[in-house]
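Peer 1: got a sequence here, can you build the structure:
(one chain, ligands or ions: 4)
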Amino acid sequence: KLDGRATYRFFEPEMDARMQARRRLELDMRQGLARREFQLHYQPQLQLEGNRLVGCEALIRWNHPERGMISPLDFIPLAEEIGLIVPIGEWVMRQACRDAMTWPTPLTVAVNVSPAQFKSERLVEMVMSALAASGLPATRLEVEITEGVLLQENAKTLQTLHRLRELGVRVSMDDFGTGYSSLSYLRSFPFDKIKIDRSFVSDLSANRDGVAIIRAIAGLGKSLGMTTVAEGVETHDQMERIRTEGCTDVQGYLISRPVSATELLAFLSSEHPPC
Ligand code: C2E
Ligand code: MG
Ligand code: MG
Ligand code: MG
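Peer 2: Ligands and ions are numbered 1, 2, ... in the order given. A predicted model of the protein is given here:
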């Protein structure tokens, strides 16, 4: 008992500092949402056949008044934990649909949707409302989910995915290959697109197993009738290998870093092909 108490007291100041930082971040996020400090950047996706831009992924940024630009990796996890991802995700969906309306017509917009948003009852209605308010056809919207969404695999999650699909929205499996059972998820839902995690793309140059894995996923996608996008393509060499192995699309710094909506419009109207 005494030991327990001593241990508790030992950790207390550190715990307290962590809890305070969390609490601060939470308050800042709530305020940030109200004060419109969040922004979307867009990263183009290129279809290899014909070297055509086919869409862009929306990636959230937080322009914090004191801390500057904050990466989603530093606030999305807490936003998910405390449920704040629901209003943040709704803002992302509405803004992304509005922005996509300013792009040339066939281009799609991909929006990341997190597990906590699937738990909220309103996801499908929220998506329908964002589409209606912006005028964007459902077929130009794509939702990207990670295996976290399917981990809590239950009838409700699958039903939500099917309802989105019935609207005409496309569904992508993000970060494919990094989870525990990526393959079984392909069996539970007919995704439109597989996004191969960028760790496999960086392995391409490092070892021959990297090539074998990309080849296998590209083949799988082809057999299942799914588009396969290689994420994190940074070099011409990687892009050529990916093309050879049969992936259909690429996304990465080689084509473009994620850019602001304004920069994207300039990029889209530039005369020069991206590669
Ligand atoms: P993700 O959905 O897998 O997005 C791809 C990430 O890879 C982005 O990081 C992008 O900037 C980065 N990336 C793209 N090309 C390259 C490349 O060639 N090299 C390297 N090294 N990185 C590249 P970002 O923007 O920091 O986003 C990180 C993650 O945060 C995203 O991973 C996604 O899971 C999450 N996220 C971003 N925006 C949202 C959002 O609006 N809602 C939700 N729920 N999650 C989001
Ligand atoms: Mg994504
Ligand atoms: Mg990804
Ligand atoms: Mg990711």
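
Peer 1: and the stretch 51-200 of the chain, which residues reach ligand 2?
Peer 2: Listed as neighbours of ligand 2 in the stretch 51-200 of the chain under the rule CB under 5 Å from the ion: N112, E144, D174. For every residue, glycine as well, the C-beta is placed using N, CA and C.

Peer 1: partners of the first one in the sheet?
Peer 2: I take that to be N112. Beta-bridge pairing for N112 (DSSP bridges): E144.

Peer 1: residues near it, how many?
Peer 2: Neighbours of N112 under the rule other CB atoms under 10 Å: 20.

Peer 1: now the last one
Peer 2: Neighbourhood size, D174 [other CB under 10 Å]: 25.

Peer 1: then the second one?
Peer 2: E144 has 22 neighbours, counted by other CB under 10 Å.

Peer 1: distance of it relative to ligand 3?
Peer 2: As judged by CB to the ion, to the nearest Å, E144 and ligand 3 stand 7 Å apart.

Peer 1: contacting residues for that residue?
Peer 2: When contacts are counted by CB atoms under 8 Å, 6 or more residues apart in numbering, E144 touches E57, A110, V111, N112, V113, S172, M173, D174, K195.

Peer 1: residues contacting the second one?
Peer 2: The contact partners of A110, taken as CB under 8 Å, 6+ apart, are Q45, G55, C56, E57, A58, E142, V143, E144, S172.

Peer 1: the first one falls within a strand, correct?
Peer 2: Yes: the assignment for Q45 (DSSP: H, G, I helix; E, B strand; the rest coil) places it in a strand.

Peer 1: what score does it have for pLDDT?
Peer 2: Predicted confidence (pLDDT) for Q45: 97.

Peer 1: pretty sure it contacts R52?
Peer 2: No: in this structure, Q45 is not within contact of R52 by CB atoms under 8 Å, at 9.8 Å.

Peer 1: and those two? Which one has more around it.
Peer 2: Neighbours per residue, other CB under 10 Å: of Q45 and R52, the larger number sits with Q45, 26 against 14.

Peer 1: so how far is S256 from L78?
Peer 2: Distance of L78 to S256, computed by CB to CB, to the nearest Å: 29 Å.

Peer 1: how far is the longest strand seen in the chain from where the chain is centred?
Peer 2: Longest strand in the chain, counting residues (DSSP state E): strand 52-64. Distance of strand 52-64 from its chain centroid, counting by CA atoms, centre = their mean, to the nearest Å, is 9 Å.

Peer 1: helices and strands around it, which ones?
Peer 2: When contacts are defined as 3 or more CB pairs under 8 Å, 6 or more residues apart in numbering; DSSP states H and E, strand 52-64 sits against helix 2-34, strand 38-47, strand 68-70, helix 85-100, strand 108-112.

Peer 1: got the angle for it vs helix 85-100?
Peer 2: 130 degrees (axes from the mean of the first three to the mean of the last three CA atoms, to 10 degrees).

Peer 1: do strand 52-64 and ligand 3 meet at all?
Peer 2: No: with CB under 5 Å from the ion as the criterion, ligand 3 is not reached by strand 52-64; the gap is at least 8.4 Å.

Peer 1: who does that strand pair up with?
Peer 2: strand 38-47 (antiparallel), strand 68-70 (antiparallel), strand 108-112 (parallel).
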